[in-house]
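1. Based on what follows, work out the 3D shape:
(chains A, B, C and D)
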Number of protein chains: 4
Amino acid sequence: MLIVMQKDATQEQIDRVNEEIKNLGLTPVPIPGSQRIAIGIIGNTGAIDPALFFELDGVKEAIPVSKPYKLVSREVKPENTVIPFGDIKVGGSELTVIAGPCAVESLEQCLTIARAVKKAGAHFFRGGAFKPRTSPYSFQGLGEKGLEILIRVREETGLLIVTEAIDHDVLSLVEEAADIVQIGARNMQNFSLLKRAGKSPKPILLKRGMSATIEELLMAAEYIMAEGNHQIILCERGVRTFADHSRNTLDLSAIPAVKSLSHLPIIVDPSHAAGKRDQVIPLSRGAIAVGAHGLIVEVHHDPLHALSDGPQSLYPEQFEELMRSIRMLAGLPLAAHK
Amino acid sequence: MLIVMQKDATQEQIDRVNEEIKNLGLTPVPIPGSQRIAIGIIGNTGAIDPALFFELDGVKEAIPVSKPYKLVSREVKPENTVIPFGDIKVGGSELTVIAGPCAVESLEQCLTIARAVKKAGAHFFRGGAFKPRTSPYSFQGLGEKGLEILIRVREETGLLIVTEAIDHDVLSLVEEAADIVQIGARNMQNFSLLKRAGKSPKPILLKRGMSATIEELLMAAEYIMAEGNHQIILCERGVRTFADHSRNTLDLSAIPAVKSLSHLPIIVDPSHAAGKRDQVIPLSRGAIAVGAHGLIVEVHHDPLHALSDGPQSLYPEQFEELMRSIRMLAGLPLAAHK
Amino acid sequence: MLIVMQKDATQEQIDRVNEEIKNLGLTPVPIPGSQRIAIGIIGNTGAIDPALFFELDGVKEAIPVSKPYKLVSREVKPENTVIPFGDIKVGGSELTVIAGPCAVESLEQCLTIARAVKKAGAHFFRGGAFKPRTSPYSFQGLGEKGLEILIRVREETGLLIVTEAIDHDVLSLVEEAADIVQIGARNMQNFSLLKRAGKSPKPILLKRGMSATIEELLMAAEYIMAEGNHQIILCERGVRTFADHSRNTLDLSAIPAVKSLSHLPIIVDPSHAAGKRDQVIPLSRGAIAVGAHGLIVEVHHDPLHALSDGPQSLYPEQFEELMRSIRMLAGLPLAAHK
Amino acid sequence: MLIVMQKDATQEQIDRVNEEIKNLGLTPVPIPGSQRIAIGIIGNTGAIDPALFFELDGVKEAIPVSKPYKLVSREVKPENTVIPFGDIKVGGSELTVIAGPCAVESLEQCLTIARAVKKAGAHFFRGGAFKPRTSPYSFQGLGEKGLEILIRVREETGLLIVTEAIDHDVLSLVEEAADIVQIGARNMQNFSLLKRAGKSPKPILLKRGMSATIEELLMAAEYIMAEGNHQIILCERGVRTFADHSRNTLDLSAIPAVKSLSHLPIIVDPSHAAGKRDQVIPLSRGAIAVGAHGLIVEVHHDPLHALSDGPQSLYPEQFEELMRSIRMLAGLPLAAHK
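-> Alright, predicted model coming up:
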């Protein structure tokens, strides 16, 4: 059960609701929002009668929630969340495409790629300035200098910027510089970072962990929303299995599953799933056809010399082909874009 | 290396090639075919010079093969295998759709469903007469009576028939009755059954095992081809992972991976992957968009009372929607249909 | 619910029970046994009152069963199943050790290994005469000649013989020659073969499939028991996961889980799990310590030249070390041997 | 290759080595240590001749390393790492046992459990003050108050303390209070936290991630060592698979695998692997038998009312039984304790 208070509810009214919940032997969980407060009820084993709360002053709604997540749930908010960036609306009727190199390597590299992906129709530029790498001896990113390059890319091309935050300090830097703050798969259950992201004014791109269930992904998003940031874009990027023909196994059934459970937009990263260039275009088509709201794709003009993830990066010409291909799909009346 | 002999090669010529292979310290593997014999070479650790064999009498070609499978490999046969059934060409430029109930329950049930899927555009009717069931106490299929029903369905509707063989005896019955003999996921490495299927005059639909790699799937097909049956349709049907929002995790990256390694057609079974009706249509669209040559889908007019797999069976109206949806995709110039 | 009939129950009495079950809207499943008939009841959603059946003539017991498997269940038979081979009792208080090469290669090879493992304390000799191999071009076993060699090994050494059956025809040969008939992991859900094994007079060693749940393993055993063969030894041999430091991931928690659910003995195959010689001894110790009733281990005197599975085969000296090591464990009052 | 400099090597000598490495077209990676500096060489595709570096001033050793990790590798340091806490030596010839509740709930709860586990023979007390929980609405731990309770437990019982750090700020608090700082499975690839842990004066207990390979686990430890903290205890706690009879699949083959690759001690957490009380004792025995250096076990005197992980917590009497059981194993000459 989620008790949504009226905008102008007083502290007494809130206390009264909390008391009532405790009287039932249950636990109230305050869920502060930017506009109004909500109170989750946990600890119940069966259904609770919403009527118990309607008569209390200051209560706007009492919404039964059958899932462990509440704010991300479509039960609580039936209409799709759409996150606007000027004309671009992530989660809206048009597909969103984010493209760029795995890592920011230099201004020249970024501008070359950014101009190419912009021309082909991308909306956002991606590029890691702070890189989570399996080895401490691998290139760890250009850091703050990388963020400056990303800002220059936005100025020069008009593309909006997505880049990853790997801890609290980096998140503070990234939310200054970027338009969307990415939380990577390895940090999907870094709950401390999720709470910090929940206090950010910037939308969050939250990638599914390598062995996370859909419920765990939604619970991670709930951590962010419970802190007040309701602008979340989910991302399927493949899960770890025994299969060895792709780096991870892209789980496209997650798209309809998430869309039926949650109102949040969900996009697909075919590049990290495949780990190989030649699967990226087919998987991108598949992602759009199952109903994803967009893609995040790695593109590099010189993948042989890329400092990371070269083998899975598309050449700019291939990215153009990808865009042509998904535009045709997007023209169809697919459930994806409803 | 695969040495392909000329059609009229004599036994002496073949013996001479075998001898030459043994002289190199390697092992010849005769691969008898309906038209001509081929000789695989195994045991080599590096490349073998094809020129060693060109000068021998009776040798048509010497094809280097870098994979453990030979006959299924695109290296050996670059052009797609197309399996014709009159006007229907599996693996050709048009999608193939196989639809029907999980199990044959009665003539009336089958005819009701067959007429509905035929009207919607299906090419083949599926229905199990011999069912591999996890429990010995579950409905095991109508057996031979079920095959008779399938024959009646073909007579009444013109739909071709796909049904599963679960052992040697059943395969002998099924190859009499059906147009395509299915080998199920649980039997993908029942090598004895694969060898028997390799001697069948009927095309084989070979489903990927629940935890089979792509290489193992292709090796299973190689078992069938090595016995002389070159008409094989592969099928991706989901693999077993930790994910619990679908019954199995549909691995759509297997489609481009298989298509680059093998010339055999590959279709997708979204019903067994999903285990839930509401994921079937999106996954079908995804399958076609990544390039599958067709679909095998469960449809039931009364899934609540189906004797097996009710929850994943589409209603006939949903199957019509599926067909409309994939026809639009099929109209696009997707790599899938090249 | 399982209705166990008295030994001398008449057909009328049985029919009467079946009728009573149908009157309740449920389905009777006759489960013929060597001594007496039992009748499983399926189709119930809640508990059934056993008292309904006590008053019927010929009924010995009415046992509530909460699991989908019945005959293998500890609910139905609380005491451990012990399978006697003269002095050797599989599932009894002493550990059982099966050892030998992956494949029977020659009489000399088998006798060399058999004498070594006998000396070290093994009870059974293993060796495949019919080999299920991933590739059709790999060594497929010596076939009937291999069985003759195994019979000679028994004559010469007194070791009992375990060897694999891969289809109906081979099972008929193997049950003549061997003391235990093995059903391999790839055939765990070859239900047709399981039914045939259920009619064999010989005990069956049933290996867990590569991605089988414990419930599926027990259901596979139920197939065998439902046909009348109650002498089954289960075997954990590793499951397929993403982990790459061993060939499969040995799931030792399956041992206590199976032992609490079923009365059947369970042993462990550390060799196929590890795929590497140096993990075999530690995993064998682990297997005994968690409570397995025994081991099946690959041993070869010349693994570098073994025709299959050389890298995971122990040298005879290592097998001696293994035996010393587990004998010390077996001396401890571990739950395993209770 | 790892170049180990002499203790008193000068900056010029170090620069000279770096230069030499660059002249070879390779990249030097400085690895600062508390006693001496080492320089890793990365970017080589084949072997490097150690002799190239012997003649340079200040060079102590040039160690060829075939793995991507260097400092954790047994190639670099063949003898076991032993971490002393007074008389207790983790990684030494005696087993180390860490026991206690999942979460610190109250002083009384902790003292009750601590006294029981101390009496039974545990060396360390575990208890989470800051809990990483899947749901934001679950109990998140008592925080700093929990740390105070843990300090009291140490004062009262003499047990040393292990507790988890979930971010930089918490790590600073925990390293003040605890004797061992735990990094949990969900943070195994939180590289920012690993780097921070590498600067801690306290030993780190690093748990394997839910879908981490052994190589990734060792690379995570390398992150910590590369920052100068060489006191690391690894921990296997089960990986995520399709199997559903235990919460995670305990991968005991990881123990011999890690021990052959690395000199670091490794212990096992049977409680989180099993998720069920009745598998904990058998798995503990298995862990010791395969060669683990110790255990971390959840114990609660009132698991029904535990605020987290009640179902997998042992009762104190069961923990006593566990200790008796593993003491008998530990008395055997197992490779584990060599």
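
2. can you count the residues close to the residue in the stretch 1-150 of chain A that chain B sits nearest to?
-> Residue nearest to chain B within the stretch 1-150 of chain A: A:Lys67 (12.3 Å; CB to the nearest CB). Glycine gets a C-beta too; all of them are placed from N, C-alpha and C. By the criterion of other CB atoms under 10 Å in any protein chain shown, A:Lys67 has 16 neighbours.

3. same check, this time on A:Glu216
-> Using other CB under 10 Å, A:Glu216 is surrounded by 18 other residues.

4. per-residue confidence for A:Ile31?
-> As predicted, A:Ile31 sits at a pLDDT of 78.

5. Give the partner strands of the strand or helix carrying it in its sheet and their orientations.
-> Taking DSSP states H and E as the criterion, A:Ile31 maps to strand A:27-32. Next to strand A:27-32 in the sheet, as set by DSSP bridges, lie strand A:37-42 (antiparallel).

6. Name the helix or strand for A:Glu61, please.
-> Using DSSP H and E, A:Glu61 maps to strand A:59-63.

7. Leaving aside the residues adjacent along the chain, what's closest to A:Val4?
-> Setting aside the residues directly before and after it, A:Val4 is nearest to A:Glu61 in space (CB to CB, 6 or more residues apart in numbering or on different chains), at 4.3 Å.

8. And the one you found, how close does it get to A:Asp179?
-> For A:Glu61, the distance to A:Asp179 (CB to CB, to the nearest Å) stands at 32 Å.

9. Which one of these two is surrounded by more residues?
-> Using other CB under 10 Å, the more surrounded residue of A:Glu61 and A:Asp179 is A:Asp179, with 19 against 14.

10. Please name the residues that touch the closest residue to that one other than its chain neighbours.
-> Using CB to CB, 6+ apart and skipping the chain neighbours, the partner closest in space to A:Asp179 is A:Leu160 (4.0 Å). Applying CB atoms under 8 Å, 6 or more residues apart in numbering or on different chains, we find A:Leu160 in contact with A:Phe85, A:Ile88, A:His123, A:Phe124, A:Phe125, A:Arg154, A:Asp179, A:Ile180.

11. Tell me the bridge partners for A:Leu160.
-> Once the bridges are assigned, which here means DSSP bridges, A:Leu160 pairs with A:Phe124.

12. could you show me where the strands are in the stretch 101-250 of chain A, in order?
-> Along the stretch 101-250 of chain A, the segments classed as strands by DSSP state E, counting those that start in this stretch run A:124-126, A:160-164, A:180-183, A:204-207, A:232-236.

13. In the helix or strand that the last one is followed by, which residues are buried?
-> Scanning the chain past strand A:232-236 towards its C-terminal end, the next helix or strand to appear is helix A:254-261 (assignment: DSSP H and E). Neighbour-count burial for helix A:254-261 flags A:Ala254, A:Ile255, A:Pro256, A:Ala257, A:Val258, A:Lys259, A:Leu261 (criterion: 16 or more other CB atoms under 10 Å in any protein chain shown).

14. quick one: A:Gly43 and C:Val258, what's the gap?
-> Counting by CB to CB, the gap from A:Gly43 to C:Val258 is 36 Å.

15. before we move on, back to that, is it possible to export the buried residues of helix A:254-261 to a markdown table including distance to B:Asp302 and pLDDT?
-> Rendered in a markdown table, the data for the buried residues of helix A:254-261 read as follows (distance: CB to CB, whole Å; pLDDT from 0 to 100):
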| residue | distance to B:Asp302 | pLDDT |
| --- | --- | --- |
| A:Ala254 | 30 | 98 |
| A:Ile255 | 29 | 98 |
| A:Pro256 | 24 | 97 |
| A:Ala257 | 26 | 97 |
| A:Val258 | 30 | 98 |
| A:Lys259 | 28 | 97 |
| A:Leu261 | 28 | 96 |
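
16. Show me the two of these that sit farthest apart.
-> Spatial extent of these (CB to CB) is set by the pair A:Ile255 and A:Leu261 at 11.3 Å.

17. got a list of what the residue lying closest to A:Glu298 once chain neighbours are set aside touches?
-> With sequence-adjacent residues excluded and distances taken as CB to CB, 6+ apart, A:Glu298 is closest to A:Ser271, at 4.0 Å. Contacts for A:Ser271 were tallied using CB under 8 Å, 6+ apart; they are A:Val280, A:Ile296, A:Val297, A:Glu298, A:Asp309, A:Gln312, A:Ser313, A:Leu314.

18. contacting residues around the helix or strand bottoming out on mean pLDDT in chain A?
-> Counting by mean pLDDT, DSSP states H and E, chain A has its least confident helix or strand at strand A:27-32, which shows a mean of 80. By CB under 8 Å, 6+ apart, the surrounding residues in contact with strand A:27-32 are A:2, A:14, A:17-18, A:21-22, A:37-43, A:70-71, A:225-228, D:137.

19. List buried members of these by neighbour count.
-> With burial judged by 16+ other CB under 10 Å, the buried subset of the contacts of strand A:27-32 is A:2, A:14, A:17-18, A:21, A:37-41, A:70-71, A:225-228, D:137.

20. mind checking how far A:Ile83 is from A:Arg327?
-> Separation of A:Ile83 from A:Arg327 (CB to CB): 21 Å.

21. Name the residue in those two with the higher neighbour count.
-> Neighbours around A:Ile83 and A:Arg327, counted as other CB under 10 Å, are more numerous at A:Ile83. The numbers are 20 against 13.

22. Please name the residues that touch that one.
-> Residues in contact with A:Ile83, defined by CB under 8 Å, 6+ apart, are A:Lys89, A:Val90, A:Gly91, A:Pro203, A:Gln231, A:Ile233, A:Pro265.

23. quick one: contacts for the fourth one?
-> To tie it back to what came earlier, the one meant is A:Pro203. A:Ile83, A:Val90, A:Asp179, A:Ile180, A:Val181, A:Asn229, A:Gln231, A:Ile232, A:Ile233.

24. The first one pairs with what?
-> In other words, A:Ile83. Judged by DSSP bridges, the bridge partners of A:Ile83 are A:Val90.
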